[in-house]
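# Sequence and computational prediction follow.
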Amino acid sequence: MRHYIAVVHKDETSCYGVFFPDVNGVFTAGDTLEEAFAQAQEVLAFAAEHWVEDTASDFPEPRSIDELRTDPDFVESSRDAILMAIPFNQTPTRIAAE
C-alpha cells in the first residue's frame, strides 16, 4: 500500500490545516487531529477519482520521506508541522480515449 505524506499546521486560533506536498492543490482541515486525518483520507481519495478528468495528467506518485527531505520547499513548509502518512490504495480513474 502506498502512503502520501500530509503536512499539518495548527495556529492557536485555527483548526488543523492539511496539505499534500506531492498532490498540488489538495488540502483540507479538521477541528481535531483525528478529524484532520479522516478528512485527509477522504480528500485524497476524492482527488484521485477526479484527477485525470480535471487535470488531464496522471495522479502524482508519492515520494518517500527521505525524498521529501531533500526538497527545500517541503523542508520549509514542514517546519513546526505534524507529518501524517495517509494510506492510499486507490487507482485513479482514467478517461477512456476517444
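Structure received. Since the structure is predicted, the reported quantities are computational estimates derived from the model, not experimental observations.
# okay, which residue is most central for this structure?
F20 (2.9 Å; CA atoms, centre = their mean).
# thought that residue was touching T28?
No: under the criterion of CB atoms under 8 Å, F20 makes no contact with T28, lying 9.4 Å away. Using the backbone N, CA and C atoms, a C-beta is placed for each residue, glycine as well.
# anything in contact with each of the two?
Common neighbours of F20 and T28 are listed as A40 (criterion: CB atoms under 8 Å, 6 or more residues apart in numbering).
# tell me the pLDDT at the residue nearest to the centre of the chain?
pLDDT, F20: 97.
# what do you get for A96?
Reported pLDDT for A96: 40.
# got the buried residues for the worst-scoring helix or strand of the chain on mean pLDDT?
Taking mean pLDDT, DSSP states H and E as the measure, the chain has helix 33-55 as its least confident helix or strand, at a mean of 91. Residues of helix 33-55 classed as buried by neighbour count (16 or more other CB atoms under 10 Å): A36, F37, Q39, A40, Q41, V43, L44, A47, A48, W51.
# quick one: contacts for the third one?
Read that as Q39. Contacts of Q39 by CB under 8 Å, 6+ apart are V18, T28, A29, G30.
# what are the phi and psi angles of the last one?
Dihedral angles of G30 (phi, psi; degrees, to the nearest 10) stand at phi -150, psi 150.
# circling back to that earlier point, would you turn the buried residues of helix 33-55 into a markdown table with distance to V8?
Shown next, in a markdown table, are the buried residues of helix 33-55 (distance: CB to CB, whole Å):
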| residue | distance to V8 |
| --- | --- |
| A36 | 6 |
| F37 | 9 |
| Q39 | 11 |
| A40 | 8 |
| Q41 | 13 |
| V43 | 13 |
| L44 | 14 |
| A47 | 17 |
| A48 | 20 |
| W51 | 22 |
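# Could I get the full set of strands for the chain?
Using DSSP state E, the strands of the chain run over 2-9, 16-19, 27-30, 82-88.
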